[in-house]
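Undergrad: Fold the following for me, if possible:
(chains A and B)
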Amino acid sequence: MYRYLQRRLAGAVREFLRRNYSLELETVVIEQPPKVELGEYALPLAFDLAKKLRRAPRKIADEVVAGLGPVEGFEKFEVAGAGYINARVDRAAVAVALASDEKPKHDVPDGKILVEHSSINPNKAAHIGHLRNAILGDTFVRLLEYAGREVDVQNYIDNTGVQVADVVVGFTHIEKTSGAEIEQLSRQPRFDYYCWDLYARVSQWYEQDKQNLQVRAQTLHAIEDAAGETAAIADLISVAVLRRHLETMDRLEIEYDFLPRESEILHLHFWDAAFAKLKEAGVLLFETQGKNKGCWVMRRAGTSKSEIAEGAEAGAESAEKDEISEDDQKVIVRSNGTVGYVGKDIAYHMWKFGLLGRDFGYRNFYRYPNGHDCWISATEGEKNHPHFGDVAEIYNVIDARQSEAQNTVIEALRGLGHGEAAEHYTHFSYEMVALTPRCAAELGYTLSEEDKARSYIEVSGRRGFGVKADDLIDALITSAKKEVDSRHPQLGDSERRTIATQIAIGALRYFMLKYTKQSVIAFDFKEALSFEGETGPYAQYAVVRATSIFRKAGIDPEPFCKDVAGNLSSAFAQHLTGEAANEIWGLWLTAAKTSYIVDQSIATTEPAYLAKHAFQLAQFFNTFYHRHPILSEPDETRKQFLLSTVAVVRRELIRTLAVMGITVPPVM
RNA sequence: GGGCGCGUAGCUCAAACGGAUAGAGCACCGGAUUUCUAAUCCGGUGGUUGCAGGUUCGAUUCCUGCCGCGCCUACCA
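TA: This next block holds a predicted model:
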């Protein structure tokens, strides 16, 4: 609703400027006044125009206000401060439209969107860093779906890399486990925990004797031969750990549609197809000298053609074209002919956009308890399968450390002449989750003096140093369960457990979403386990309160607000106008913003805005709840009005939380 | 060295496109409702937005320089 009116206002202003000043403005900046009593929208437009028109901002603002004419949905326009134009909406009309849940039509762009997230190495348990990735990614998927887009969710599995090889080495060379024994172990409930410890031991084993690293190289090589025994062991391990990851993420209601694996990119020769095109387009160059002699290299993203070219004339340019200074080279194909991961990533991304001319085989891999199927890549797939890839836009949820690699893939696409694809390729970059020194100490790690002084310490899978995802979820559930047990002893144990789980997930997902992406999260149990203040449970609790009002009143809140909107529009007008109504109107206005916030979150790839919105709604509601007794309100129409306020806020808060993947228990 | 990012209250973080008095949560201190359950609410303490310049009617936001911190910069993935 808020978004819709804002667009209409922007359109009217643009039209006015065209008519009266012959000005074309691309974007009309519209913000919100610091207080609701000043209006719903503010335009700082006159300050900008003052320069262009060489007149005082206030004068221009006066002119705009006088000449804008009536705009549907708006009551009036006023000049305020040094030249702001504040717009006031017809509150009752907005409230009626919101209560009856009118959804003004707007265009949804065509084409499918592919979101890639999680992409955890399938060699050990998922940790809190992976949780941030998956929660950001899953929330972004939900945002896109809320906006009406069709989305495929992919989780890329690097099942032939060093990390899997290391665990294979652990089993075959340190533990000397047989294939049958590994198979047995892999059926244990938390096989990924076993691998977590083993992986750390392998790293130590390499450190003990650098000779041991040769075993890694051999193993890595052996994994690539699909027919061999080592490859079979690697597959056994990676598939078992992958299943564990799917289970862990499913606890948070995070699901995937397709799991493309590196093994298939290898065995279906995706790279060969990509390599040919890259050579042909001149994106890759064969280096004949220097440290990268014998490699196929590409210009690293973010590096520019050397400064000599700037000053020099056209003659120097052609020589420049075929050369990249050594420091700016990214090796794509090694001198021994093997391709690095960036190369495979380029091929994979050509596939995503339908530009490779090859496809995966597909096998049904995992059925979620809700019946949703998750598919996996295969060299020989099933006949009937959904169509993946060939999409219009992609988002890759990958941490900031990989931004250079991501940009290199984008540059490769551009170099191949697929500028359109490059434009629709978004690296959804976010910062890592680290541990506070206190948290690290709690986990039993001895810290150097240097470490103690840091604000955070990076986790290390190699050292087995970190907080496992399932452990954190377990701790959250235990902690929430204790609270629920003491608050609701009359409920059955399984019911209390269900509630505690909802609260735990709410706390965890909110925690991971409330920080902006570029902020490193310094993880601390105390803050992550908090259920008070700016947390998921705070927002859930607001909904519980709203629900309980309706339960006591014996009214179903869903149909209630739609009905009341039609019958009570005059009451809305009466209770929403005037000074005294500003506080409640602020609540309505915030509730009206959900779609606007969703759009903003998508446009900026920043789910934190959504978290902020949920918190703000809950906070305003709690204040309102405290100030206005509703069921005891003697004036019947006012009571209906207050009830509809609760119903609308409840509905919008539930929606907002749902986009964040948070559900609300019946009681708390 | 080069690239990317960060520096805001005691702590953890907000403030999209430059805008009206820089806001929350935690912590600390003091209060509130025999009610629609207090996982709540209200009040208080707390700021030279790293430093120095510049652009602008207006800078936490843009530009330059400096200081401090993190990540990336492998024929690893």
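
Undergrad: Which single residue in the stretch 401-550 of chain A comes nearest to RNA strand B?
TA: The nearest approach of the stretch 401-550 of chain A to RNA strand B comes at residue A:533, 2.2 Å away (C-beta to the nearest atom of the strand). (Glycine included, C-beta is placed from N, CA and C.)

Undergrad: Where does that residue sit: helix, strand or coil?
TA: coil (DSSP: H, G, I helix; E, B strand; the rest coil).

Undergrad: and it, how many neighbours does it have?
TA: The local packing of residue A:533 (other C-beta atoms under 10 Å) involves 10 other residues.

Undergrad: Equivalent analysis for residue A:578, please.
TA: The burial count for residue A:578: 9, using other C-beta under 10 Å.

Undergrad: next one: residue A:298
TA: Residue A:298 has 24 nearby residues by other C-beta under 10 Å.

Undergrad: Residue A:460 now?
TA: For residue A:460, using other C-beta under 10 Å, the count is 13.

Undergrad: Contacts only, for it.
TA: Contact analysis of residue A:460 by C-beta atoms under 8 Å, 6 or more residues apart in numbering lists residue A:466.

Undergrad: in the sheet, who's paired with it?
TA: residue A:465 (DSSP bridges).

Undergrad: Which pLDDT value belongs to it?
TA: Looking at residue A:460, its pLDDT is 88.

Undergrad: Quickly note the distance from it to residue A:524.
TA: 18 Å (C-beta to C-beta, to the nearest Å).

Undergrad: Flag every residue of the stretch 501-650 of chain A that's near RNA strand B.
TA: Applying C-beta under 7 Å from any atom of the strand, one finds that the stretch 501-650 of chain A approaches RNA strand B through A:503, A:514-516, A:518-522, A:527, A:530-534, A:537-538, A:541, A:545, A:548-549, A:552, A:600, A:604, A:606, A:608-609, A:612, A:615, A:619, A:622-623, A:625-626, A:628-632.

Undergrad: Which ones among those residues map onto strands?
TA: Using DSSP state E to define strands, the subset of these located there is A:521-522.

Undergrad: In ChimeraX, how would I select just the buried ones from the residues of the stretch 501-650 of chain A next to RNA strand B?
TA: This is the ChimeraX syntax for the buried subset of these, where burial follows 16 or more other C-beta atoms under 10 Å:
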select /A:503,514,515,521,522,530,531,534,537,538,541,545,549,600,606,608,609,612,615,619,625,630
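
Undergrad: Check the secondary structure at the closest residue to residue A:574 other than its chain neighbours for me.
TA: Nearest residue to residue A:574 in three dimensions, chain neighbours excluded: residue A:637, at 7.7 Å (C-beta to C-beta, 6 or more residues apart in numbering). Secondary structure, three-state DSSP: residue A:637 is helix.

Undergrad: Just the pLDDT for residue A:637.
TA: The per-residue pLDDT reported for residue A:637 equals 88.

Undergrad: wait, isn't residue A:20 in contact with residue A:69?
TA: No. Residue A:20 lies out of contact with residue A:69 (C-beta atoms under 8 Å); the separation is 11.0 Å.

Undergrad: And these two? Which one has more around it.
TA: Of the pair residue A:20 and residue A:69, residue A:20 is the one with more neighbours under other C-beta under 10 Å, namely 12 against 9.

Undergrad: tell me the centre residue of chain A?
TA: residue A:136 (2.8 Å; C-alpha atoms, centre = their mean).

Undergrad: is RNA strand B contacted by whichever strand or helix holds residue A:207?
TA: Applying DSSP states H and E as the criterion places residue A:207 in helix A:191-208. No. Helix A:191-208 does not reach RNA strand B (C-beta under 7 Å from any atom of the strand); its nearest approach is 12.1 Å.

Undergrad: what are the C-alpha coordinates of that helix, in CSV please?
TA: Taking Å, rounded to 0.1, in the frame of the first residue of the first chain, the C-alpha atoms of helix A:191-208 are listed here in CSV:
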residue,chain,number,x,y,z
PHE,A,191,28.5,-39.0,10.8
ASP,A,192,29.3,-35.4,10.0
TYR,A,193,30.6,-34.8,13.5
TYR,A,194,32.9,-37.8,13.2
CYS,A,195,34.3,-36.3,10.0
TRP,A,196,34.7,-32.9,11.7
ASP,A,197,37.1,-34.4,14.2
LEU,A,198,38.8,-36.6,11.6
TYR,A,199,39.4,-33.7,9.3
ALA,A,200,41.2,-31.8,12.1
ARG,A,201,43.4,-34.8,12.8
VAL,A,202,44.3,-35.1,9.1
SER,A,203,45.5,-31.5,9.1
GLN,A,204,47.7,-32.2,12.1
TRP,A,205,49.0,-35.3,10.3
TYR,A,206,50.1,-33.2,7.4
GLU,A,207,51.8,-30.8,9.7
GLN,A,208,53.7,-33.6,11.5
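
Undergrad: Now do whichever helix or strand comes after that helix and helix A:191-208, the angle between them.
TA: As assigned by DSSP H and E, the chain's next helix or strand after helix A:191-208 is helix A:213-224. Counting by axes from the mean of the first three to the mean of the last three C-alpha atoms, to 10 degrees, helix A:213-224 lies at 140 degrees to helix A:191-208.

Undergrad: residues of the next helix or strand after helix A:213-224 that come out buried?
TA: For helix A:213-224, the succeeding helix or strand toward the C-terminus, using DSSP H and E, is helix A:229-251. By 16+ other C-beta under 10 Å, the buried positions in helix A:229-251 come out as A:230-231, A:233-251.

Undergrad: Quick check: which of those residues are also close to RNA strand B?
TA: Okay, of these, nothing touches RNA strand B (C-beta under 7 Å from any atom of the strand).

Undergrad: wouldn't residue A:395 be in contact with residue A:112 here?
TA: No. The pair residue A:395 / residue A:112 is not scored as a contact, 12.0 Å apart, by C-beta under 8 Å.

Undergrad: Neighbour count: those two, which is higher?
TA: The residue with more neighbours, out of residue A:395 and residue A:112, is residue A:395; 22 against 16, by other C-beta under 10 Å.

Undergrad: what's across from that one in the sheet?
TA: Legend: beta-bridge partners of residue A:395 under DSSP bridges are residue A:115, residue A:426.

Undergrad: mind checking pLDDT for residue A:288?
TA: pLDDT, read off for residue A:288, is 90.
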